[in-house]
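*Asks:* When you get a sec, could you give me coordinates for this:
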Amino acid sequence: MILQDPRTDIIDCRGVLVIGDPHVGSRRPGRRKDPDWPHPVLRKLEHLAALSREQGLATVILGDLFDRPIERDESLKARLVRILRSFASRPIVNVGNHDITHATLSDADSLALFGLCDVVDVVPRSGSVATISLGGEEIAIGMTPFGQTIPDRLDGFGATARRRIWFTHHDIAFAGAYPGAVPPFAIEGCDLVVNGHLHKPQPSIRAGATLWANPGNITRRNVDCVDQRPAAWILGADATLVPHELPFVEDVFDLTGRIVDPASGKAVAGEIESAFVSLLRAEAATDMVRSADGSVIKEEIEARFLQEGTSEGARAILRSLLAEAVERHVAAKSE
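*Replies:* Prediction:
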């Protein structure tokens with residue numbers, strides 16, 4: 001269901017299985033070279049469904065269940081429905097930026113359909129979600145979807161609960177944060193915040209009485225995660241997260257042409273022309289075959305942005321042009 005109000009039942013479990021950003025989608029991402037994409041992601045979800053049944057775990061997905069707001073592969077969606085229905089209880093899903101076409105969840109989005117069909121419980125707006133009974137201890141949980149305001153106090157939330165835990169999908173300023181990220185802050189009445197969105201696991205940060213954690217994605221999507229060991233996490237009654245390592249294959253990235261050393265600095269003048277040349281190359285078959293979603297060329301363009309100090313305005317224009325080039329390529333292949 002789509003949860004417009006908190007669940008009224010108490011979810012009885014022996015722990016909470018926390019799953020970071022599955023990004024289920026028919027397009028093979030970035031430099032991944034798997035011949036059977038998206039089976040690596042689905043196999044991990046099947047493994048986690050079995051784990052939830054074996055250990056009696058409730059399930060929370062941190063956002064970006066889908067890689068695109070509208071997934072058009074019906075057979076993929078059917079397989080995903082079967083997997084999600086096999087969890088010990090209906091997974092509670094936060095709304096990530098990849099799940100939505102507009103600023104908030106709408107009927108046009110695949111995630112909304114899954115919620116309406118009772119495959120998962122979807123949280124479309126920031127607020128309290130449910131109460132969990134974990135080993136006889138009540139834990140109140142809430143969520144804030146991508147782009148919505150994270151509360152700074154939890155007035156009237158889980159008044160009788162032993163602990164209060166919030167789940168977010170945001171740009172949070174953990175280690176190596178970039179401009180515009182939100183620094184972790186103290187949330188009155190909140191013991192723990194668990195964040196999705198950032199795919200690499202990050203060291204936890206304490207802000208006042210609130211601990212902020214970012215467990216990372218269950219699948220390595222980008223080459224900067226090549227050394228990551230994919231894991232889901234099990235939340236216990238003491239509000240600690242314990243990793244559960246997932247089965248994975250070591251060598252899954254095409255490192256051809258990988259930029260290692262930064263180029264020498266150049267003047268900003270001409271930044272759009274030079275990057276636009278790279279964008280035109282994105283439409284060449286040799287580049288698109290390596291990456292159906294255009295993220296190989298995007299990776300190189302983003303590296304050039306950093307090397308040349310490209311302005312934010314120019315970056316936005318070029319990212320939009322790249323997205324348009326990718327869509328044209330995909331449309332041409334489907335005709």
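
*Asks:* partners of L241 in the sheet?
*Replies:* L235 (DSSP bridges).

*Asks:* Confirm for me that it is in contact with A231.
*Replies:* No. Counting by C-beta atoms under 8 Å, L241 stays clear of A231, with 9.9 Å between them. C-beta: built from backbone N, CA, C; applies to glycine.

*Asks:* Among these two, which residue is more densely surrounded?
*Replies:* A231 (22 against 19; other C-beta atoms under 10 Å).

*Asks:* Verify the stated contact: the more buried one with P243.
*Replies:* Yes. With contact defined as C-beta under 8 Å, A231 reaches P243; the gap is 4.2 Å.

*Asks:* Find the residues that touch each one of these two.
*Replies:* By the contact definition C-beta atoms under 8 Å, 6 or more residues apart in numbering, A231 and P243 are jointly contacted by P215.

*Asks:* So which residues of the stretch 201-335 of the chain form helices?
*Replies:* 271-281, 285-290, 295-308, 312-334 (DSSP state H, counting those that start in this stretch).

*Asks:* Confidence-wise, which of the ones you listed is weakest overall?
*Replies:* With a mean of 47, helix 285-290 has the lowest mean pLDDT of the helices of the stretch 201-335 of the chain.

*Asks:* on that earlier part again, mutual contacts of L241 and A231, please.
*Replies:* Joint contacts of L241 and A231 (C-beta under 8 Å, 6+ apart) are P215.

*Asks:* show me what contacts D64?
*Replies:* Here D64 is in contact with 21-23, 96-99, 169, 196-197 (criterion: C-beta under 8 Å, 6+ apart).

*Asks:* and it, that's in a helix?
*Replies:* No. Counting by DSSP: H, G, I helix; E, B strand; the rest coil, D64 is not found in a helix; it is coil.

*Asks:* so what's it scoring on pLDDT?
*Replies:* The model's pLDDT for D64 equals 97.

*Asks:* what does the one 5 residues further on give?
*Replies:* Predicted confidence (pLDDT) at P69: the value is 97.

*Asks:* Share the number of residues neighbouring it, please.
*Replies:* Neighbours around P69, by other C-beta under 10 Å: 19.

*Asks:* Is it correct that it is in contact with L105?
*Replies:* No. Taking C-beta under 8 Å as the definition, P69 is not a contact partner of L105, at 9.0 Å.

*Asks:* Please enumerate the shared neighbours of these two.
*Replies:* Shared contacts of P69 and L105, defined by C-beta under 8 Å, 6+ apart, are found at 99, 111.

*Asks:* Quick check: neighbours of the helix or strand encompassing I165 in the sheet, parallel or antiparallel?
*Replies:* Assigning secondary structure by DSSP states H and E places I165 in strand 163-168. Strand 163-168 has the following strand partners under DSSP bridges: strand 137-144 (parallel), strand 192-195 (parallel).

*Asks:* ok, now which ones touch the closest residue to V95 other than its chain neighbours?
*Replies:* Spatial nearest neighbour of V95, excluding adjacent residues (C-beta to C-beta, 6 or more residues apart in numbering): P145 at 3.7 Å. Contacts for P145 were tallied using C-beta under 8 Å, 6+ apart; they are 63, 94-96, 104-105, 123-126, 169.

*Asks:* Same check on H102?
*Replies:* Contacts of H102 (C-beta under 8 Å, 6+ apart): none.

*Asks:* and it, helix, strand or coil?
*Replies:* Applying three-state DSSP: H102 is coil.

*Asks:* And it, what's its pLDDT?
*Replies:* For H102, pLDDT reads 94.

*Asks:* Identify the residues contacting V95.
*Replies:* Counted by C-beta under 8 Å, 6+ apart, V95 has contacts 63, 104-105, 111, 122-124, 145-146, 169.
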